[in-house]
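Q: Below is the structure, and that's it, no one-letter string:
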């Protein structure tokens, strides 16, 4: 089974390595195999629309035109997470009366931030997609570096945030049905001194309106956490062979292992310079081989032969320099790789892939790491 055969692909990686383009390339390649793919970026940067050749992406799933690229039943939908809009839509769908929550200032502030609330609503969107029979595969493009780990930790943090004993400690047993009167009185007075009575009153109103949804949120967070641990999920670590990127990627990989999430595939993007045949550039012919070639091209002595020899030597010098760059990159990638982790390398492109056809071509040029 390849990563494209999984139910969920989670792409993680440092910034500036082409992670969004790689996510999009995998999504298009899976669609080319006949799969129905949902591609969701939760990276606040707006690169996915450009990669897919679209004018824009919004919070709702949008079909990506694949005419001339994908034949058969494969299709692709894509969206870019909008934290506020996703949270509002979620509350409107789940609450019997969403107005008290949507109009609450505490909720409005919480739902607009791009920190923890971004991670929470991303996991809610992921839950919806992996339980939607419309799609065979979900590809999740995460924010760079540490923010990606926040996304992975979001289900557990949400369950802790909704823990009824913690809420009762601040707002009393009436919200959750447990007795914590002594603690509530002390914590409530302390919170009022720090935040002010008006804000505390609004926080209380928020939790009063939100608490009927608590069990549902906790259950979905638990289900999403299990999905991330499932064998049908593949974590793809995307990086580039430069030392700074590999250092950041190593941090991410250790974070995955610490959460018992092993990368199913490491993708080294911009990993090699290609020759005219799409193969990595290798060293040029040596001087004696070049002389043999010269004899075949122009065996007669004279200024033309001398000029041709200088041209061949100059071309050989450039090719050797490119081959040296490839060799250094290969050494770095092999040093980074771990036994038991699959790894592929993607070529350096002169132009950024900005269409489904270019993305599919990029993924089709992936080569196993020697």
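A: Looks like it arrived, so ask away. This structure is a prediction, so every number in the text was calculated from the model and none was measured.
Q: ok, for residue 361, nearest residue in space, not its chain neighbours?
A: residue 353 (7.4 Å; Cβ to Cβ, 6 or more residues apart in numbering). Using the backbone N, CA and C atoms, a C-beta is placed for each residue, glycine as well.
Q: All the strands of the stretch 151-300 of the chain, residue numbers only.
A: 233-239, 263-272 (DSSP state E, counting those that start in this stretch).
Q: Quick check: can you name the pairing partners of the longest one and their directions?
A: Just to be clear, that refers to strand 263-272. According to DSSP bridges, strand 263-272 has the following sheet partners: strand 233-239 (parallel), strand 342-347 (parallel).
Q: Let me see the ranges of the helices in the stretch 251-370 of the chain.
A: Along the stretch 251-370 of the chain, counting by DSSP state H, counting those that start in this stretch, helices occupy 287-297, 303-336, 356-364.
Q: got the phi/psi numbers for residue 79?
A: Torsion angles at residue 79 (phi, psi; degrees, to the nearest 10) stand at phi -150, psi 160.
Q: Tell me how far the nearest residue to it once chain neighbours are set aside lies from residue 108.
A: In space, and not counting its chain neighbours, residue 79 is closest to residue 61: 4.8 Å by Cβ to Cβ, 6+ apart. Using Cβ to Cβ, to the nearest Å, one obtains 25 Å as the distance from residue 61 to residue 108.
Q: neighbour count winner among the two?
A: Shown here are residue 61 and residue 108; by other Cβ atoms under 10 Å, residue 61 has more neighbours (19 against 15).
Q: List the contacts of that one.
A: 38, 77-79 (Cβ atoms under 8 Å, 6 or more residues apart in numbering).
Q: In strands, which of those appear?
A: Using DSSP state E, the subset of those located in strands is 38, 77-79.
Q: Which one of those is nearest to residue 238?
A: residue 78 (17.5 Å; Cβ to Cβ).
Q: and the closest residue to that closest one other than its chain neighbours, how many residues sit next to it?
A: Nearest residue to residue 78, sequence neighbours excluded (Cβ to Cβ, 6+ apart): residue 39, at 4.3 Å. Residue 39 has 33 neighbours, counted by other Cβ under 10 Å.
Q: Let me see the contact set for residue 39.
A: Counting by Cβ under 8 Å, 6+ apart, residue 39 touches 23-24, 27, 48, 64, 76-79, 138-139, 141.
Q: closest to residue 217 among these?
A: residue 138 (20.1 Å).
Q: And the helices in the stretch 51-200 of the chain?
A: 83-94, 99-102, 105-112, 116-130, 146-161, 164-171, 181-195, 197-210.
Q: least reliable of those going by mean pLDDT?
A: Lowest mean pLDDT within these: helix 181-195, at a mean of 46.
Q: my read: residue 364 touches residue 29, true?
A: Yes - assessed by Cβ atoms under 8 Å, residue 364 is found in contact with residue 29 at 7.3 Å.
Q: Compare the two (neighbour count), which wins?
A: Set residue 364 next to residue 29 and count neighbours by other Cβ under 10 Å: residue 29 wins out with 24 against 11.
Q: Name the nearest residue to the more buried one, sequence neighbours excluded.
A: Using Cβ to Cβ, 6+ apart, the nearest residue to residue 29 is residue 363, at 4.2 Å.
Q: which ones are touching that neighbour?
A: Taking Cβ under 8 Å, 6+ apart as the criterion, residue 363 is in contact with 25-26, 28-29, 346.
Q: Would you quantify the distance from residue 91 to residue 102?
A: Distance of residue 91 to residue 102, computed by Cβ to Cβ: 6 Å.
Q: Looking only at neighbour counts, state which of those two leads.
A: More crowded of residue 91 and residue 102, by other Cβ under 10 Å: residue 91, with 19 against 16.
Q: my guess is that one contacts residue 99, does it?
A: No - in this structure residue 91 lies outside contact range of residue 99 using Cβ under 8 Å: 9.6 Å.
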